[in-house]
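Participant: Kindly return the folded structure for what I paste below:
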Amino acid sequence: MQLRDEKPTIAWPGHWSILGGGLEAGESEREAVIREVQEEAGFTLADPAFVTRVTDHHGSGQKLAVYAAEMPDPVQMTLGEGQALRFVTSSERNTLQVPAYIRELLDGQTHR
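Facilitator: The predicted structure is shown next:
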């Protein structure tokens, strides 16, 4: 997960969230996932697959396309954006400040 910056101009500042970002001109969602992970965590995903779509009904109204992929082995993460980057277990995640819609997504309780 990534600890978001404390910028009041971004959604959910100071919260732990999943990696992500917006599409650039002419870019597919899949291409954006690969680029964003490279920019934010410093590694390349080989074959991200679409999982679901989710909307932040608790705040920003953002609409997300969620992708999953196998991690390269070994993976070395390099923080490119945000304040921190780390792997967390589901029990650790419950102790972190996570946006409600991301918590619901990770807990399998999404409202599309």
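
Participant: State the pLDDT value of the most far-flung residue of the chain relative to its centre.
Facilitator: Within the chain, Gly26 marks the point farthest from the mean C-alpha position, 21.1 Å out by CA atoms, centre = their mean. Looking at Gly26, its pLDDT is 97.

Participant: ditto for the one 3 residues further on
Facilitator: At Glu29 the predicted local confidence, pLDDT, stands at 95.

Participant: right, and it touches Gly22 too?
Facilitator: No. Contact between Glu29 and Gly22 fails when scored by CB atoms under 8 Å: they sit 10.4 Å apart. For every residue, glycine as well, the C-beta is placed using N, CA and C.

Participant: In terms of packing, which of those two has more residues around it?
Facilitator: Glu29 (15 against 8; other CB atoms under 10 Å).

Participant: Check the gap between the closest residue to the more buried one other than its chain neighbours and Gln97 for me.
Facilitator: Spatially, and ignoring its direct neighbours in sequence, Glu29 is nearest to Ala65 (4.8 Å; CB to CB, 6 or more residues apart in numbering). Relative to Gln97, Ala65 is positioned 24 Å away (criterion: CB to CB, to the nearest Å).
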